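J.: Quick check, what structure comes out for this input:
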Amino acid sequence: MAEARGRDKLWTRAVKAVRYTPAGVRRSLHTLALVLAGCLPEAPPPWQVDHTIAAALRFEVVERGPWAADPPREDRKVAEVMPGDTLRPVPFVVGVDGPALDLKPRYFFCDAQECLSEVGQVGGVRDCGDDEVVPPVDACELRGGTLRLGELTALLHSAAIFMVAGTPEGPSTYKCLKRMRGEDGGNEALQGCLLRIELLQLGPTWRLFLLAALTGLPDAVPLTAITPAVTAGEPNLFPGEPALTVYVTEPGQAMRTLTPARGDVVTVRRAAQVVITAEVDPDDAQEYWFVSGTDGFAAANEVLTIGWLFTQHVEWTAPDLLTIAWTAPDQSGPLYVYGLLGDGSTITPTWLRFEVEG
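T.: Numbering: from 1, shown residues only. You can find the predicted model right below:
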């Protein structure tokens, strides 16, 4: 997900996020993830949250293995994993009443193209072991919320984590799995269940290729292409949480400028004109190295963008990649605004609660 950051980055990071997956399959998996992230209906528009959705699923390394890259900054976390690392899935689940914090998801390690069929088989799947090979031989369930990656056995793969969760307005996680497996005694739909498949982002790429060469796997690029410039590149980091500046203009009133923290409440009147700008650290737009052809690496720069989600219907425009301008609705009450800051392959979320008054 000069190089344009976004969908192109999904390819150019190559092995870092299973970017060798054929283009058609990548598109299918991307579409599948969107569809499964809460079984989105045709209406309302995709930026309006009218039920619980999994807005993002990221992986944090809780214990780095011998091949892991250290973060170059103490205030940032590495967004890539390597064999030997222990990772923990961290979802950002949101709904009409704010972030959903009391869900009990279950997670599965699987080949992205086999997750649904294997996890959905009658009787379930085995528990993951202490060191699961990459890619997985078959689906297994994470226990204790973490997964330790074992030996790398292939470069061309689509290893993923599959999240299954119930929602406050729907069935429990247990019932969602029962329905997936046809064990509920009926023909219940998965409406109200959260199903999200997220590819593991493996890397840094050059470390992955070096590990593959040392373990006898076929080289994707010659090792001579791993130059000092390539090895000096930073690992992919999660962008820092953006600082939000809110500008509120209400009829007959001077513009207010606010700098709320994540989750703060901002009071506005109906029909107020609101502008939210995300202030980002420019260093979070990293230079990264990707596989160029079959004989080397090339460098490109990330571009930071932020996507916005609203829990009510609003009229909005996006003046630039980090700004949203919108009109407060006529309906009084709470309105949550979720921001998803991304660099093309990772997401850092934030959110605010607006109280619309008459």
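J.: so where's the protein uncertain?
T.: Residue ranges of the chain with pLDDT under 70: 1-43, 156, 186-187, 219-220.
J.: all helices of it, in order?
T.: All helices of the chain, identified by DSSP state H, fall at 7-12, 23-36, 115-119, 173-180, 205-214, 228-231.
J.: got the CA positions of the last one in CSV?
T.: Spelled out, that is helix 228-231. This file holds the C-alpha atoms of helix 228-231, laid out as CSV (Å, rounded to 0.1, in the frame of the first residue of the first chain):
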residue,chain,number,x,y,z
PRO,A,228,25.2,-0.2,3.1
ALA,A,229,22.6,2.3,2.0
VAL,A,230,19.9,-0.3,2.1
THR,A,231,20.9,-1.7,5.5
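J.: Show me which residues of it are buried.
T.: Val230 (16 or more other Cβ atoms under 10 Å). Using the backbone N, CA and C atoms, a C-beta is placed for each residue, glycine as well.
J.: who's Phe354 bridged to?
T.: As for beta bridges, Phe354 partners with Val266, Leu335 under DSSP bridges.
J.: wait, what's in contact with it?
T.: Contact analysis of Phe354 by Cβ atoms under 8 Å, 6 or more residues apart in numbering lists 265-268, 274, 328, 334-337.
J.: could you measure it against Arg270, distance?
T.: When distance is defined by Cβ to Cβ, to the nearest Å, Phe354 is 11 Å away from Arg270.
J.: Could you do Thr346 as well?
T.: Look at Thr346 and Arg270: by Cβ to Cβ, they are 37 Å apart.
J.: In terms of neighbours, single out the busier of the two.
T.: Thr346 (24 against 15; other Cβ atoms under 10 Å).
J.: Quick check: that one touching Arg58?
T.: Yes. Taking Cβ atoms under 8 Å as the definition, Thr346 is a contact partner of Arg58 at 6.6 Å.
J.: Now the common contact residues for the two.
T.: Both Thr346 and Arg58 are contacted by 79, 238, under the criterion Cβ under 8 Å, 6+ apart.
J.: still on that earlier bit, show me how to select, in PyMOL, the buried members of the contacts of Phe354.
T.: Typed into PyMOL, the line below selects the buried ones among the contacts of Phe354, using 16+ other Cβ under 10 Å:
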select buried, resi 266+268+274+328+335+336+337
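J.: Let me know the closest of the contacts of Phe354 to Asp184.
T.: Ranked by distance to Asp184 (Cβ to Cβ), the contacts of Phe354 are led by Tyr336 at 32.4 Å.
J.: check contacts around that closest one.
T.: Counting by Cβ under 8 Å, 6+ apart, Tyr336 has contacts 49, 94, 96-98, 310-311, 351-354.
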